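Asker: predicted model, plus sequence, below.
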Amino acid sequence: MSKIRVRFAPSPTGFLHIGGVRTALFNWLFARHSGGTFILRIEDTDKDRSTDEAIQVIMDGMKWTGLDWDEGPIRQTDRLELYREKAMDLFKQGLAYWCVCTPEELETRRKEAQARGESIKYDGRCRNRGISEPTEPAALRFSVPQEGQTVVQDLIKGEIVFENTVLDDLIILRSNGYATYNFSVVVDDGLMNISHVIRGDDHVNNTPRQIPLFEALGLPVPQFAHLPMILGADKTRLSKRHGATSVLAYKEMGYLPEALVNYLVRLGWSHGDQEIFSIKEMVEHFDFKHVQSSAAVFNPEKLKWVNAQYLRNTEPQEVAEVLTPFLEAAGYDEAAQARIPGGVEALIPSLRERSETLLDFVEGAVPYLVEAMEMDEAAATKHLKAAIAPSLQEFADLVEAEPDFSKETLEGLFHGLIERKELKMGKVAQPLRVALTGRTVSPGIYEVMALLGKDRTLQRIRAGVERALKN
RNA sequence: GAUCCCAUCGUCUAGCCUGGUCUAGGACGGCACCCUCUCAAGGUGCAGACACGGGUUCAAAUCCCGUUGGGAUCACCA
């Protein structure tokens, strides 16, 4: 069996979208699973729409998700001469011909055909003109065999049969001298010895057009695996209308790359009932047999859940590392981070049960990062009432007098107090929480105090007392 | 319109190839309860699907045909 070689071949006309990442991921997984080679090829033959920035963005996105490539990036614009030579080879062999129909003529003929309800394929009128040296702008067309069938043995969808009569004589060289997509892909896949073409199933209809080209060029026909599409909630192809579709947007929204990859791999592939996979497990288990043949709807809710799983199961130190840039972007510098006893890392265990994204972390971390806290007025009005002031005051005094500031000690102090005063836990805990954090929702109050440190704890409880007395 | 693909809970899916073990399993989301200083997390439970119609067979989610529905593609874009 010859060596496995696969490629991801995006065109750099925008950002790297979710569907692209999933295609890249499946290629990458297959390569890693089989000890093969993963190639990054940039399909930038559309010079009007391709940009260098977009190439960079694609590579950044792949690096972020951890999809490393073994060869490339290979740019098709560096290989234009090669495509031209291969196209002319075909012409010399009589397998291609010059077509002088103008794009406008073609367009009107298509419309007429459509109006008559006929299929809109090129009528082949230049096929037998035998133009050897065109004196006007001409495109080179490939003479597609019109007899028999072209059969695609798809690793995911099985056998797909096309009658060759439905196949167009496709243009392989435009009148401006540049190769078209369907031609350059075949030349590249063939010359790069690609063993498996793994791409979105929006390409299935291209496949019977490409197979005869491989054959005409004398190049080995690769195996094909057409991945089902990723759809939006309305079951149409995922696009900007459905919200964020750029991978890097998910980075900004506070998703972990491992989580996104994990979510994406389960979109169209399964391994029994398993939901969470390490990269190693994905590589180990990946196979086409368990790739779904139907399209999948992208579900942001489940992505969040997967992300939350990763947030909770990643070492606090690692989470702190990726969280720090988010804190800084939100304006919380080193000085703010240093206010937390134990630093940002100490925040993780308390906040991660309540966070689905790193952005949630930032939101939850605010009370511990600032010196002067912002008080939620509604919460203060509801919970900080005059009646509770003496209890809070007493608790503050107890804490101040106690040299040990551990969670256990704090808990003992608090319990002793409510027992002596015969109060209900909830009646005092909630006002205390509001005094400490300015909010009605937070981690447990002892954890909160530990994250605040003794000074800020006392200062906030006393400010809370004053506030309560005015209420 | 033509060609091609697809069809299990709202969503992601297991099961389908190799019919019986499926009164169809898991996960997200939803609901309820438990836990509880709030919110979460966690635990327990509930609701929720084989698109429809024909065959084949002792037996069909599984095989075949049709219908319906969805999607993709039909450029001198990629």
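Answerer: Yep, that arrived. Note that this is a predicted model, so its numbers are computed, not measured. Numbers count the residues shown, from 1 in each chain, chains lettered A, B, ... in the order given.

Asker: low-confidence ranges, the stretch 151-300 of chain A, go.
Answerer: A:244 (pLDDT under 70).

Asker: where along it do the strands fall?
Answerer: With DSSP state E, counting those that start in this stretch as the criterion, the stretch 151-300 of chain A has strands at A:158-163, A:171-173, A:196-200, A:223-227, A:230-231, A:296-297.

Asker: ranking those by burial, who's on top?
Answerer: Stretch with highest mean neighbour count among the strands of the stretch 151-300 of chain A: strand A:171-173 (a mean of 25; mean count of other C-beta atoms under 10 Å). Where C-beta positions appear, they are placed from N, C-alpha and C, glycine not excepted.

Asker: please see if that strand touches RNA strand B.
Answerer: Yes. Judged by C-beta under 7 Å from any atom of the strand, strand A:171-173 comes into contact with RNA strand B at residue A:171.

Asker: Provide the contact partners of that strand at residue level.
Answerer: A:83-84, A:87, A:90, A:96, A:99, A:139-142, A:179-180, A:182-183, A:213 (C-beta atoms under 8 Å, 6 or more residues apart in numbering).

Asker: at 10 Å instead, please
Answerer: The set of residues external to strand A:171-173 that reach it, using C-beta atoms under 10 Å, 6 or more residues apart in numbering, is A:83-84, A:86-88, A:90-91, A:95-96, A:98-99, A:101, A:103, A:106, A:122, A:138-142, A:179-184, A:186-187, A:213, A:216.

Asker: how about TSV for the strands of the stretch 151-300 of chain A, with distance to residue A:425 added?
Answerer: TSV is the format used below for these (distance: least, C-beta to C-beta, whole Å):
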stretch	distance to residue A:425
strand A:158-163	63
strand A:171-173	78
strand A:196-200	57
strand A:223-227	55
strand A:230-231	48
strand A:296-297	45
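
Asker: about what we covered before: for PyMOL, what selects the buried ones among the contacts of strand A:171-173?
Answerer: To isolate the buried members of the contacts of strand A:171-173 in PyMOL, using 16 or more other C-beta atoms under 10 Å:
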select buried, chain A and resi 83+84+86+87+90+91+95+96+98+99+101+106+122+138+139+140+141+142+179+180+181+182+183+184+186+187+213+216
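
Asker: now, the contacts of strand A:171-173 that are in helices?
Answerer: A:83-84, A:86-88, A:90-91, A:103, A:106, A:181-184, A:186-187, A:213, A:216 (DSSP state H).

Asker: of the contacts of strand A:171-173, list those near RNA strand B.
Answerer: A:99, A:101, A:103, A:106, A:122, A:138-139, A:180-182.

Asker: can I assume residue A:443 is in contact with residue A:346?
Answerer: No. Under the criterion of C-beta atoms under 10 Å, residue A:443 is not in contact with residue A:346, lying 11.4 Å apart.

Asker: contacts only, for residue A:362.
Answerer: Taking C-beta under 10 Å, 6+ apart as the test, what residue A:362 contacts is A:254, A:323, A:326-332, A:351, A:355, A:369.

Asker: go on, residue A:447?
Answerer: With C-beta under 10 Å, 6+ apart, residue A:447 has these contacts: A:346-347, A:349-351, A:407, A:410.

Asker: repeat that for residue A:300.
Answerer: A:233, A:242-244, A:250, A:253, A:263.

Asker: most distant residue from the middle of chain A?
Answerer: residue A:420 (55.8 Å; C-alpha atoms, centre = their mean).

Asker: model confidence for that residue, exactly?
Answerer: If you check residue A:420, the pLDDT there is 89.

Asker: so who does it touch?
Answerer: A:391, A:394.

Asker: separation between it and residue A:363?
Answerer: Distance, residue A:420 to residue A:363, using C-beta to C-beta, to the nearest Å: 37 Å.

Asker: next one: residue A:305
Answerer: 18 Å.

Asker: try residue A:72
Answerer: 40 Å.

Asker: and the most centrally placed residue in chain A, what does it touch?
Answerer: In chain A, the centroid-proximal residue (C-alpha atoms, centre = their mean) is residue A:247; its distance is 3.7 Å. Neighbouring residues of residue A:247 by C-beta under 10 Å, 6+ apart: A:15-18, A:20-22, A:24, A:57-58, A:60-62, A:64-65, A:255, A:257, A:260-261, A:264.

Asker: just the ones of these in helices?
Answerer: Per DSSP H, the contacts of residue A:247 map to helices at A:18, A:20-22, A:24, A:57-58, A:60-62, A:64-65, A:257, A:260-261, A:264.

Asker: can you tell me the closest non-neighbouring residue to residue A:389?
Answerer: residue A:468 (4.1 Å; C-beta to C-beta, 6 or more residues apart in numbering).

Asker: and the one helix or strand that neighbour maps to, what other elements does it pack with?
Answerer: If you go by DSSP states H and E, residue A:468 is part of helix A:454-470. Contacting helix A:454-470 under the criterion 3 or more C-beta pairs under 10 Å, 6 or more residues apart in numbering; DSSP states H and E are the following elements: helix A:358-369, helix A:377-383, helix A:389-401, helix A:425-437, helix A:445-452.

Asker: close to RNA strand B, is the shortest one?
Answerer: No. Helix A:377-383 is not in contact with RNA strand B by C-beta under 7 Å from any atom of the strand; minimum separation 9.7 Å.

Asker: which other residues reach that helix?
Answerer: A:375-376, A:427-435, A:437-441, A:464, A:467-468, A:470-471.

Asker: pull out the buried positions in it.
Answerer: Neighbour-count burial for helix A:377-383 [16+ other C-beta under 10 Å]: A:379-380, A:383.

Asker: JSON lines please, covering the residues you listed and showing pLDDT.
Answerer: Formatted as JSON lines, the buried residues of helix A:377-383 follow (pLDDT from 0 to 100):
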{"residue": "A:379", "pLDDT": "90"}
{"residue": "A:380", "pLDDT": "89"}
{"residue": "A:383", "pLDDT": "90"}
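
Asker: the host helix or strand of residue A:55 vs helix A:257-265, what angle?
Answerer: Applying DSSP H and E as the criterion places residue A:55 in helix A:52-65. Angle of helix A:52-65 versus helix A:257-265, following axes from the mean of the first three to the mean of the last three C-alpha atoms, to 10 degrees, is 100 degrees.

Asker: hmm, helix A:52-65 in reach of RNA strand B?
Answerer: No. Interface with RNA strand B: helix A:52-65 contributes nothing (C-beta under 7 Å from any atom of the strand), its closest point being 11.2 Å away.

Asker: packing partners for that helix?
Answerer: So helix A:52-65, by 3+ C-beta pairs under 10 Å, 6+ apart, packs with helix A:18-34, strand A:37-42, strand A:71-75, helix A:247-252, helix A:257-265.
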